[in-house]
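> sequence unknown, structure follows:
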């Protein structure tokens, strides 16, 4: 089993509710990155937002290794401009030190700013995610320590959002973003945003590369099978995570819409 490169393909593997989990899948080299990226969109995003690329000095060797790995002459930004995925590099100062985010080229963030995360360890990077420290931190740290250079793992995140922006940094409050939402217009007003993430170790520097490919689809464009999956979103999420995702402003309407569509002939 592998992960596809669309919302429909990724949804079956996404955690929409329940306890936090890594949900990892082994990927082959051929299935690692999207083979036909829209490079023009990537170029435009990096041109408009130069702050989307940041590299700390301790990541420079890993930056060069990554560029060579994907066949690009240059550095992290050059690599990220030529592929669909955003790129983050995690390094250790010492063997027993925690991994820290020391480089990133993030054109299409999902409600976070690279500058806020730079230099932080994994637990602090994930601090806004309710339950991460208690449910995932130990397992993630073990995985990162034991990841071999010959392995590639992928996973999927999924979000319900109020627009199709690839660069999702909504300035408005949840009340404003979802104002006027109803079961009648949810198919056009709500979007499913999936992040296709991967992790692999760079063999020379030992740094870990974390990639994020973003895919967005209007709710009304999904198949009934996908809607059935979405309809259960956040039914048993923790209250903190429920609120962080602004679910109280759309979850009941989302469930009503999915139920109606799944019952149609």
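That came through fine. A quick note: this is a predicted structure, and the numbers were derived from the prediction, not measured.

> confidence score at residue 28?
Note on residue 28: pLDDT of 95.

> the one 10 residues further on now?
Reading off the confidence values, residue 38 has pLDDT 96.

> for the stretch 51-200 of the chain, what are the low-confidence residue spans?
127-135, 137 (pLDDT under 70).

> which residues in it form helices?
60-69, 76-82, 114-117, 122-125, 137-146, 174-177, 186-189 (DSSP state H, counting those that start in this stretch).

> looking at those helices, which is nearest to residue 49?
helix 114-117 (9.6 Å; CB to CB). Where C-beta positions appear, they are placed from N, C-alpha and C, glycine not excepted.

> distance to residue 197 and mean neighbour count added to the helices of the stretch 51-200 of the chain, as TSV?
Below are the helices of the stretch 51-200 of the chain laid out as TSV (distance: least, CB to CB, whole Å; neighbours: other CB atoms under 10 Å):
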stretch	distance to residue 197	mean neighbour count
helix 60-69	16	18
helix 76-82	15	21
helix 114-117	15	15
helix 122-125	13	17
helix 137-146	12	14
helix 174-177	24	14
helix 186-189	26	18
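
> ignoring the adjacent residues along the chain, who's closest to residue 121?
residue 98 (4.2 Å; CB to CB, 6 or more residues apart in numbering).

> does that neighbour touch residue 92 like I think?
Yes: using CB atoms under 8 Å, residue 98 is in contact with residue 92, at 7.1 Å.

> gap between residue 142 and residue 208?
For residue 142, the distance to residue 208 equals 13 Å [CB to CB, to the nearest Å].

> can you check residue 244 too?
Counting by CB to CB, the gap from residue 244 to residue 208 is 25 Å.

> between these two, which one's more packed in?
Shown here are residue 244 and residue 208; by other CB atoms under 10 Å, residue 208 has more neighbours (20 against 14).

> next one: phi and psi at the more buried one?
phi -110, psi 130 (degrees, to the nearest 10).

> what sits opposite it in the beta ladder?
Taking DSSP bridges as the rule, residue 208 bridges to residue 90, residue 201.

> looking at it now. What's its pLDDT?
pLDDT at residue 208 comes out at 97.

> in this structure residue 148 contacts residue 200, no?
No: using CB under 8 Å, residue 148 makes no contact with residue 200, being 9.2 Å away.

> neighbour count winner among the two?
A side-by-side neighbour count of residue 148 and residue 200, using other CB under 10 Å, places residue 200 first with 21 against 9.

> surely the more buried one touches residue 208?
Yes: with contact defined as CB under 8 Å, residue 200 reaches residue 208; the gap is 7.3 Å.

> which neighbours do those two share?
Both residue 200 and residue 208 are contacted by residue 147, under the criterion CB atoms under 8 Å, 6 or more residues apart in numbering.

> list the buried ones in the longest helix seen in the chain?
Longest among the helix segments of the chain by residue count, using DSSP state H, is helix 251-263. Neighbour-count burial for helix 251-263 flags 251, 253, 254, 255, 257, 258, 261 (criterion: 16 or more other CB atoms under 10 Å).

> what is the nearest of these to residue 81?
Nearest to residue 81 out of the buried residues of helix 251-263 is residue 254 (CB to CB; 35.1 Å).

> report the contact partners of the closest one.
Applying CB under 8 Å, 6+ apart, the residues near residue 254 are 160, 186, 190, 219, 230, 231, 233.

> from those, which land in strands?
Cross-referencing the contacts of residue 254 against strands under DSSP state E gives residue 160.

> distance to residue 5 for the contacts of residue 254 - can I get that in JSON lines?
As requested, the contacts of residue 254 are arranged in JSON lines below (distance: CB to CB, whole Å):
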{"residue": "160", "distance to residue 5": "20"}
{"residue": "186", "distance to residue 5": "25"}
{"residue": "190", "distance to residue 5": "22"}
{"residue": "219", "distance to residue 5": "19"}
{"residue": "230", "distance to residue 5": "19"}
{"residue": "231", "distance to residue 5": "24"}
{"residue": "233", "distance to residue 5": "22"}
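
> what is the nearest of the contacts of residue 254 to residue 212?
The closest of the contacts of residue 254, once distances to residue 212 are taken by CB to CB, is residue 160, at 17.8 Å.

> no further queries at this time; thank you.
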